[in-house]
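Enquirer: sequence first, then the predicted structure:
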Amino acid sequence: MKVIQTTLPGVLIIEPKVFGDQRGFFLETFQVERYREVGIDLPFVQDNHSRSPRGVLRGLHLQSTRPQGKLVSVSRGAVYDVAVDIDPASTTCGQYVGVEINDDNHRQLWIPPGYAHGFCVLSSEADFQYKCTDFYFPNDESGLLWNDPDVSIPWPIESPTISEKDQQLPTLRDLLA
């Protein structure tokens, strides 16, 4: 697999090796030893799968005291996936990485614990999977407002469909206050 470093510490773009022929394709979506070699060495305890139509924006989510590392991928469709550094001690705090992940490029994004995460759907529908390094704890749930002007993510969709809960998330300034 090919591993691409990003501008955020620990956030990696992973391009698995895809084997294709007239029957279709095959790829390994996870293999513990291979991922350990590139620094992804936390145990995964929960897998999640969502399906959303075009224009849905989910996020930017995090857990406050039990942060989750996430290995994300798309099995059908296309999304623009974003990780935001929210660590006030980091030199990249408030910066983000955005990458298109789709069922053609088979990319994965590794987001270590401690980042806010979200995505928007670019295709007519998308199936999005993520492996998590900690369990989901509703009482620990937090996030970052998707259109925070201090972060300025150029989401590639206009007028996204966003949950009421996600519309109420704090800005980075409020989150770090």
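Expert: That came through fine.

Enquirer: now do the residue of the chain positioned farthest from its centre against Asp104, distance only.
Expert: What lies farthest from the middle of the chain is Gln22; by Cα atoms, centre = their mean that is 31.6 Å. Distance from Gln22 to Asp104, counting by Cβ to Cβ, to the nearest Å: 17 Å. C-betas here are computed from N, CA, C, even on glycine.

Enquirer: could you do Ile40 as well?
Expert: In terms of Cβ to Cβ, Ile40 sits 23 Å off from Asp104.

Enquirer: Ala126: what's it in contact with?
Expert: Applying Cβ atoms under 8 Å, 6 or more residues apart in numbering to Ala126 gives the contacts 51-52, 74, 76-79.

Enquirer: out of those, which are buried?
Expert: For the contacts of Ala126, a neighbour count by 16 or more other Cβ atoms under 10 Å gives the buried set as 52, 74, 77-79.

Enquirer: make TSV out of these and add pLDDT, distance to Leu176 and secondary structure.
Expert: As requested, the buried ones among the contacts of Ala126 are exported to TSV (pLDDT from 0 to 100; distance: Cβ to Cβ, whole Å; DSSP: H, G, I helix; E, B strand; the rest coil):
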residue	pLDDT	distance to Leu176	secondary structure
Ser52	98	29	strand
Val74	98	30	strand
Gly77	98	34	coil
Ala78	98	32	strand
Val79	98	27	strand
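
Enquirer: I'd like these laid out as CSV, including distance to Leu12.
Expert: Output for the buried ones among the contacts of Ala126, formatted as CSV (distance: Cβ to Cβ, whole Å):
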residue, distance to Leu12
Ser52, 24
Val74, 16
Gly77, 22
Ala78, 20
Val79, 17
